[in-house]
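Peer 1: requesting a structural model of the entry that follows:
(2 chains)
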Amino acid sequence: KQEVTQIPAALSVPEGENLVLNCSFTDSAIYNLQWFRQDPGKGLTSLLLIQSSQREQTSGRLNASLDKSSGRSTLYIAASQPGDSATYLCAPPRRDDKIIFGKGTRLHILP
Amino acid sequence: KAGVTQTPRYLIKTRGQQVTLSCSPISGHRSVSWYQQTPGQGLQFLFEYFSETQRNKGNFPGRFSGRQFSNSRSEMNVSTLELGDSALYLCASSLQGPQETQYFGPGTRLLVL
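Peer 2: Numbers count the residues shown, from 1 in each chain, chains lettered A, B, ... in the order given. Presented below is the predicted three-dimensional model:
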């Protein structure tokens, strides 16, 4: 059974800092891993999708890495901005297509 | 391209009633997945439909059901509502399935009194 853990559960950092969000999963038989952000009371927005054959994916100030052997993924956010404040969720879908989400990391960027 | 739309956005029901939620995927997307989000349990997978067939189901009781129409629009139904069914219900669409980038709708917030 897939279990997904995200650490830390909450994080507050001053604007401009670089930060790392962590995601660990127990079932490494995954096709890929997706990172999402969710603003309060709203749906999810896909940020990055890393194929299982890839080790990282970049989009603007975001960089996500994937290490299937250790069951870990990290999301790196460079030069954080107040608009980055949101909850970040990782989701590694299994080969049977069932997606298990982590509980998320609540990020607050202090102006 | 229009995004994923969900109706209604807000709903208040009483225990024992039933409810139907609707999801219209992005044009051309054939896979629709449904999720329940609560503060305690987080995001939990309900089921996924592809070409009018349920391909996957999460661990929810039979009171939760769904269907998909030939135009890929999907509905989910919850019968005999319980207080614990109060949640944000999200649907997501993709071209072929959850292994691809998922596009989420804004959700339907259901309150059961």
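Peer 1: just checking the host helix or strand of B:Val32 against chain A, any contact.
Peer 2: Assessed by DSSP states H and E, B:Val32 sits inside strand B:31-38. Yes. Counting by C-beta under 8 Å from any C-beta of the partner chain, chain A is contacted by strand B:31-38 at B:Ser33, B:Tyr35. Where C-beta positions appear, they are placed from N, C-alpha and C, glycine not excepted.
Peer 1: send the alpha carbons of the helix or strand immediately after that strand in the chain over as PDB?
Peer 2: Once the chain leaves strand B:31-38, the next helix or strand it forms, by DSSP H and E, is strand B:42-50. Listed next in PDB are the C-alpha coordinates belonging to strand B:42-50 (Å, rounded to 0.1, in the frame of the first residue of the first chain):
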ATOM      1  CA  GLY B  42      -6.400  15.100   3.000                       C
ATOM      2  CA  LEU B  43      -7.000  14.200  -0.700                       C
ATOM      3  CA  GLN B  44      -8.400  10.700  -1.200                       C
ATOM      4  CA  PHE B  45      -9.000   9.000  -4.600                       C
ATOM      5  CA  LEU B  46     -12.600   8.100  -5.200                       C
ATOM      6  CA  PHE B  47     -12.600   6.700  -8.800                       C
ATOM      7  CA  GLU B  48     -11.500   7.200 -12.300                       C
ATOM      8  CA  TYR B  49     -13.500   6.900 -15.500                       C
ATOM      9  CA  PHE B  50     -12.200   6.500 -19.100                       C
END
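Peer 1: that older thread, tell me the helices and strands packed up against the strand holding B:Val32.
Peer 2: strand B:42-50, strand B:74-78, strand B:87-94 (3 or more C-beta pairs under 8 Å, 6 or more residues apart in numbering or on different chains; DSSP states H and E).
Peer 1: contacts for stretch A:15-25, please.
Peer 2: A:2-8, A:11, A:13, A:33, A:35, A:71-82, A:88, A:90, A:92, A:100, A:102, A:105, A:107, A:109-111 (C-beta atoms under 8 Å, 6 or more residues apart in numbering or on different chains).
Peer 1: many thanks, I have nothing further to ask.
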